[in-house]
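S.K.: Test case, fold it:
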Amino acid sequence: MLHLAYQPLLPTGSKYLQLKWDQASYDMHRRKVKSAKPTINTTPPTTYNHLALKQKKQKLEEQRMMKIQKENNMLLEKISHIMRTTGRIDNRNDYERKSLGRERRQLEMLRITKENQMILFRLSQCRPHYNVRIWHEDWLKTLKVMDSIARYPRGWAQQQKDKEKSCQKSSDCENEEKTSTDATGRTAESNTTSGKAESEEKGERKDASKEEAEALVQGGAGTHTAPKLSAPDLITNTRNKHPHAAESSPSSDKTEMSNTPNTTRVSRPCTPDTQTHEQETAGSDYKDTT
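M.R.: Coordinates of the predicted model:
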């Protein structure tokens, strides 16, 4: 009764036969699909036992282990033999070190020592080519020539520096003493008396400077008696024309004033006429003494 409900694609005379034929063709198609083989081989590659097991490597490893085991057994036997008996070990060594080139080295050392001794003997016997005594005499002659040519005596600059340093030290000491005395004895009465004394000293200084200026002016017209000067004062007066001597003169004045702290300092007017007059008088006095 199924063939009655079957609807074929093409018109047929018998639905029963057409159903039977279509079913047979469909079954054959399904058998072909099931029995179809793939065109691409997706199966895994074949494995070979000789590549997976590597019997050669296993054989070498067994031989190595057999060798190690044999050596261990030999070592164990030796240790057990030593533990059971005294063993065959001897710590004594009667070998003497021998050198094949010892004699030759000794002969070479003797030759070198002989040569060194000969060189030392020649060096000790040779005479010097230069004479130290002649060098010393030549140096003394050059010192004399230098002293005769020099404008200032040797060590003059160092002496001036020493004088300046001593003057500075003395002035610093005086200033410190003055400041200490002023700080301790500063009162109202002392301030008033010091002001009066300073005013009187200023007046005396002014008067003294005026008198000295008048005396210098009168002395330029008439005769002038120069004071006696010592040897260092004469040297400084004769060298007043040199610029370095002018710088060194204040240091000498400072030393003189510092050595006499009780004397009052008198300021002289520094005019070009008075300076030239003093230089001329100092030069004439130096000539008379020489």
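S.K.: Specify the local secondary structure of T43.
M.R.: At T43, secondary structure determined by DSSP: H, G, I helix; E, B strand; the rest coil is coil.
S.K.: Share the number of residues neighbouring it, please.
M.R.: For T43, the neighbour count with other C-beta atoms under 10 Å is 6. Every C-beta, even on glycine, is put in place using the N, C-alpha and C of the backbone.
S.K.: Give the full set of residues in contact with it.
M.R.: If you count contacts by C-beta atoms under 8 Å, 6 or more residues apart in numbering, T43 has none.
S.K.: now the stretch 51-200 of the chain, which segments are flagged as low pLDDT?
M.R.: 87-92, 185-196 (pLDDT under 70).
S.K.: Would you map the helices across the stretch 1-150 of the chain?
M.R.: Ranges of helices in the stretch 1-150 of the chain, per DSSP state H, counting those that start in this stretch, are 2-5, 15-34, 49-53, 55-84, 102-125, 132-149.
S.K.: Same list, those helices, but as JSON lines with mean neighbour count and distance to K161 please.
M.R.: Shown next, in JSON lines, are the helices of the stretch 1-150 of the chain (neighbours: other C-beta atoms under 10 Å; distance: least, C-beta to C-beta, whole Å):
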{"stretch": "helix 2-5", "mean neighbour count": "9", "distance to K161": "147"}
{"stretch": "helix 15-34", "mean neighbour count": "11", "distance to K161": "129"}
{"stretch": "helix 49-53", "mean neighbour count": "8", "distance to K161": "106"}
{"stretch": "helix 55-84", "mean neighbour count": "10", "distance to K161": "93"}
{"stretch": "helix 102-125", "mean neighbour count": "10", "distance to K161": "48"}
{"stretch": "helix 132-149", "mean neighbour count": "9", "distance to K161": "20"}
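S.K.: Now do R64 against R97, distance only.
M.R.: 42 Å (C-beta to C-beta, to the nearest Å).
S.K.: actually T46, not the one I typed
M.R.: 71 Å.
S.K.: what does V33 give?
M.R.: For V33, the distance to R97 - C-beta to C-beta - is 98 Å.
S.K.: now R205
M.R.: From R205 to R97 the distance is 105 Å (C-beta to C-beta).
S.K.: neighbour count winner among these two?
M.R.: Applying other C-beta under 10 Å to R205 and R97 shows that R205 carries more neighbours, namely 15 against 4.
S.K.: In which helix or strand does the more buried one reside?
M.R.: Using DSSP states H and E, R205 sits in helix 188-221.
S.K.: pLDDT score assigned to T223?
M.R.: Predicted confidence (pLDDT) at T223: the value is 43.
S.K.: Kindly apply the preceding question to K20 instead.
M.R.: Per-residue confidence at K20 stands at 91 (pLDDT).
S.K.: Contacts only, for it.
M.R.: K20 neighbours (C-beta under 8 Å, 6+ apart): none.
S.K.: L76 versus that one, what's the distance?
M.R.: For K20 relative to L76 (C-beta to C-beta), the value is 91 Å.
S.K.: Give me the number of neighbouring residues for C167.
M.R.: 20.
S.K.: Repeat that for E212.
M.R.: 15.
S.K.: so what's it scoring on pLDDT?
M.R.: 77.
S.K.: Same question for A246.
M.R.: On the pLDDT scale, A246 gets 40.
S.K.: and if you look at P261?
M.R.: 40.
S.K.: begin at 480 from here
M.R.: Will do, 480 is the new start, and the previous item becomes P740.
S.K.: For L622, give me its contacts.
M.R.: L622 touches nothing, counting by C-beta under 8 Å, 6+ apart.
S.K.: From one end of stretch 524-535 to the other, what's the distance?
M.R.: Stretch 524-535 has an end-to-end distance of 23 Å (criterion: C-alpha to C-alpha, to the nearest Å).
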